[in-house]
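*Asks:* Prediction below, plus the sequence it came from.
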Amino acid sequence: MPVMPRLSSRLQHFTDSVIRRMTRINDLHGGINLSQGFPDFDPPAALREAAARTGREGPHQYAVTWGAPRFRAALAAKQSRFMGLPVDPELHLVVTCGSTEAMMTAMMTACEPGDKVIIFSPFYENYGADTILCGADPVYVPLRPPDFRFDPDELRRAFALKPKALVLCNPSNPSGRVFAREELEIIAALAQEHDAWVITDEVYEHIVYPPFRHTYIASLPGMFERTLSCSSLSKTYSITGWRLGYMIGPERALEGARKVHDFLTVGAPAPLQEAAVTALGFPDTYYDHLAALYLGKRDLFLSSLDAAGLTYTTPEGAYYVLVDASPFGWDDDLAFCEWMVREVGVAAVPGSCFFHEPVNHLIRFHFAKRDETLGAAGKRLATLAEKAAGIRTR
Ligand SMILES: Cc1ncc(COP(=O)(O)O)c(C=O)c1O
């Protein structure tokens, strides 16, 4: 084998994304992809038209590195309205390439190599990699299935380790939890007592099912000064490919974050920032319709799971559901998901990739799909138990 220089040892501490790997396996077998969370329907027509217009008329060159002024102004106005905080577009935000870059920027802005970062488990798989890439050490606090609540004493013990930050995904992928205000108050009190940052990922802020309500932890008393709120337009406007995200936080932290962002990516796509000003101007009814659309999809998909005899934790927000695969008797959830794509024709994500603890009886489906796609997936899942029984009796 030809010799090549050694690669960074960082790479040994995380694998490539299991979620995106399941998408590739699904593509090989032509299954229905309920693994990687993105819609199979179009964004709003007004937004597509705005993108066509900027495609013709520009801008086509770099925007201001921390965000095009028109985009920042529209975003600050919208977020001030929903967060109940005065977000100043000149001081309190940076526009990034998705929440993915915002989270990495937040982590690099807040943490030194060797710092500890609390991560609730199960967690969106980027957080482990983000922490490792910036040289910090994750401290995992379990959200135990099936209700995915944290034990305040366990969280207190994690804070006693003097973490620099806590990562909060709310509404949560993959658990579907929408943290109650009282839970956020416990986190906020500990963050204040131990002088830690809270780094949020709130990409599902507008996908919440009644009676649950999203509370921005940055809006709790004393929290704006220690919260780096990350989110994006990906899920809210069904534009995951546009790569428009942002971080909101206090002025001094944002000065640092803008520097990190500048050297990571220079900036988010200029023509798409211009086009997305249209979305940021949508009336509040847009967000009500979005939540109602996903509530319909959630209930449609859950009824297929019920019909297939599967048990699950009902999501309070976001568009994922964790399903208990233990009745099928596999002890390797990745092998189970690979078998399911091949034999049943539906792709899910093996739950173990979201957990720090050895949990491998859960699989995650997402339901951000057209109703026809969900209906077709439901029909296939109805055959799951019988096909799995066939394997066991062979
Ligand atoms: C919790 C969470 N954060 C971030 C992302 C990626 O967001 P973005 O497209 O804004 O980078 C996803 C995508 O599935 C997600 O589920």
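*Replies:* Perfect, thanks for sending it. Numbers count the residues shown, from 1 in each chain.
*Asks:* From the rest of the structure, what touches stretch 293-311?
*Replies:* 207, 209-210, 312, 314-315, 319, 321, 323-324, 365, 367-369, 371, 374-375, 377-378, 381-382, 384-385 (CB atoms under 8 Å, 6 or more residues apart in numbering). The way it works is simple: take the backbone N, C-alpha and C, and place the C-beta from them, glycine included.
*Asks:* ok, now stretch 377-388?
*Replies:* 32, 34, 300-301, 303-305, 307-310, 327-329, 340, 343-346, 365, 369.
*Asks:* circling back: would you mind writing the PyMOL command to select the buried ones in the contacts of stretch 293-311?
*Replies:* Buried residues among those (16 or more other CB atoms under 10 Å), as a PyMOL selection:
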select buried, resi 207+209+312+315+319+321+323+324+365+367+368+369+374+377+378+381+384
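*Asks:* Which single residue of the stretch 151-300 of the chain approaches the ligand most closely?
*Replies:* residue 232 (3.0 Å; CB to the nearest ligand atom).
*Asks:* Give me the neighbour count for that residue.
*Replies:* 29 (other CB atoms under 10 Å).
*Asks:* dump the residue contacts of it.
*Replies:* Counting by CB under 8 Å, 6+ apart, residue 232 makes contact with 96, 98, 99, 102, 203, 244, 245, 246.
*Asks:* For the stretch 51-200 of the chain, which segments count as strands?
*Replies:* 93-96, 116-121, 137-142, 165-169, 197-201 (DSSP state E, counting those that start in this stretch).
*Asks:* how much space between the closest residue to the ligand within the stretch 51-200 of the chain and residue 200?
*Replies:* Nearest residue of the stretch 51-200 of the chain to the ligand (CB to the nearest ligand atom) works out as residue 98 at 2.5 Å. Remark: distance between residue 98 and residue 200 (CB to CB, to the nearest Å) = 15 Å.
*Asks:* neighbour count winner among these two?
*Replies:* More crowded of residue 98 and residue 200, by other CB under 10 Å: residue 200, with 27 against 23.
*Asks:* beta partners for the more buried one?
*Replies:* Listed by DSSP bridges, the beta-bridge partners for residue 200 are residue 168, residue 229.
*Asks:* hmm, back to that, and which of the contacts of residue 232 is nearest to residue 186?
*Replies:* When the contacts of residue 232 are compared for distance to residue 186 (CB to CB), residue 203 wins out at 22.9 Å.
*Asks:* Pull the contacting residues for that closest one.
*Replies:* Residue 203 is in contact with 99, 173, 230, 231, 232, 234, 235, 236, 245, counting by CB under 8 Å, 6+ apart.
*Asks:* what residues does the stretch 1-150 of the chain put near the ligand?
*Replies:* 37, 98, 99, 100, 124 (CB under 6 Å from any ligand atom).
*Asks:* doesn't residue 124 make contact with the fourth one?
*Replies:* This means residue 100. No: using CB atoms under 8 Å, residue 100 is not in contact with residue 124; the gap is 9.7 Å.
*Asks:* So which of those two has more stuff around it?
*Replies:* Under the criterion of other CB under 10 Å, the comparison of residue 100 against residue 124 puts residue 124 first, with 23 against 19.
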